[in-house]
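Chemist: Structure for the following, please:
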Amino acid sequence: MSKVVHFEIPAEDPQKKMDFFSKVFGWSFQSWEGSDYYMTKSGPEDEMGIEGAIMKRNDPSQPLVNVINVTSIDETAPLVEANGGKVVVPKMAVGDMGFVAYFTDPEGMIHGMWETVTSYK
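Modeler: Residues are numbered from 1 along each chain as shown. Have a look, this model is predicted:
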């Protein structure tokens, strides 16, 4: 089984959205490598839940995305396609941490797949 391990919240104005989540839920944020991608800190690591990011919106219709952990994107992508989904952003490296790809399910909703580099764990 594969769990949701990350989320991405797109924003026209990332600072405004970060201010909202900070004031309402107490979240804090840190820019990832000086980009418009801000990692969340939403609570103690020993509490239930996952972390994610607020990012500069790339497209007007860009939705919130949940990212699912997989052992291998190369092995999972064909399963996505064989079962009515479509890979819409191919596998790409994320620093030295791992790889990400994005796909749509049979109803057209977008999701992400995450593969951790074994040496990073």
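Chemist: The chain: helices as residue ranges?
Modeler: 14-25, 73-82 (DSSP state H).
Chemist: helices and strands around the last one, which ones?
Modeler: In terms of contacts (3 or more Cβ pairs under 8 Å, 6 or more residues apart in numbering; DSSP states H and E), helix 73-82 is packed against strand 86-94, strand 98-104, strand 110-116. The C-beta positions use only the backbone N, C-alpha and C, and glycine is treated the same way.
Chemist: quick one, domains of the chain?
Modeler: 8-57, 70-121 (automatic domain parsing).
Chemist: Make sure residue 102 is actually in contact with residue 91.
Modeler: No - in this structure, residue 102 is not within contact of residue 91 by Cβ atoms under 8 Å, at 9.7 Å.
Chemist: re the thing from before, to residue 106, which of the helices of the chain lies closest?
Modeler: helix 73-82 (9.8 Å; Cβ to Cβ).
Chemist: shaky segments in this structure?
Modeler: The chain contains residues with pLDDT under 70 at 119-121.
Chemist: Kind regards, and thank you for your time.
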